[in-house]
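Peer 1: model this:
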Amino acid sequence: MKIYIAADHAGFYLKKELIEYLGIKGYEIEDCGAYEKNDDDDYSDFIIPCAGKVALRQAQGKLAEMGIVIGGSGQVEAIAANKVKGIRAALYYGGKVDIVRLSREHNDTNILSLGARFLTGDEAKKAVTLFLETEFEGGRHEKRLDKIRQFEEKE
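Peer 2: Residues are numbered from 1 along each chain as shown. The predicted structure is shown next:
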């Protein structure tokens, strides 16, 4: 499974930690930046291209290729990723990790957005592992996602 990962300055160190962790677990990783810590960088320069790669690969049938985006809160990173057609990004910045599982089971999310200022490395690893190992249930949830896809086609 290939994972696309991106972060701005606030998520830079957590991104590096997750790249190492995911590599050890055997995932293929594509780092979409930031490539150095720069407090003046803009999240959109990394998050939107990362989301674009996930959307393109999934449109090509590579449904197992997912994304992880990281910022200070993860909020605007999820918003930016969700502007890309075909992306369903879920936000996690702590608390019950079940929300990550449900985002995959019910919403077939393809990007996980993490709030680096609110998570420890271990919490982020647990959330990412759950995100990547949880399957979409389909069924009654599929028709709801189809409605979103139909709306995206009108835009």
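
Peer 1: For the rest of this, base every contact and every neighbour count on C-alpha atoms.
Peer 2: Fine.

Peer 1: Counting by contacts, list what the helix or strand harbouring D122 packs against.
Peer 2: Assignment of secondary structure by DSSP states H and E places D122 within helix 121-133. Contacts of helix 121-133 with other secondary structure elements, assessed using 3 or more Cα pairs under 8 Å, 6 or more residues apart in numbering; DSSP states H and E, are made with helix 12-24, helix 98-107, strand 111-115.

Peer 1: and among those, the most buried is which?
Peer 2: strand 111-115 (a mean of 28; mean count of other Cα atoms under 10 Å).

Peer 1: Three-state assignment for D42, please.
Peer 2: Secondary structure, DSSP: H, G, I helix; E, B strand; the rest coil: D42 is coil.

Peer 1: OK, contacts around the closest residue to it other than its chain neighbours?
Peer 2: For D42, the nearest residue in space outside its immediate sequence neighbours is D8; the separation is 6.4 Å by Cα to Cα, 6 or more residues apart in numbering. Remark: with contacts taken as Cα atoms under 8 Å, 6 or more residues apart in numbering, D8 is in contact with G33, A34, D41, D42, Y43, F46, I70, G71.

Peer 1: Could you rerun that using 7 Å?
Peer 2: By Cα atoms under 7 Å, 6 or more residues apart in numbering, D8 lies in contact with A34, D41, D42, Y43, F46, I70, G71.
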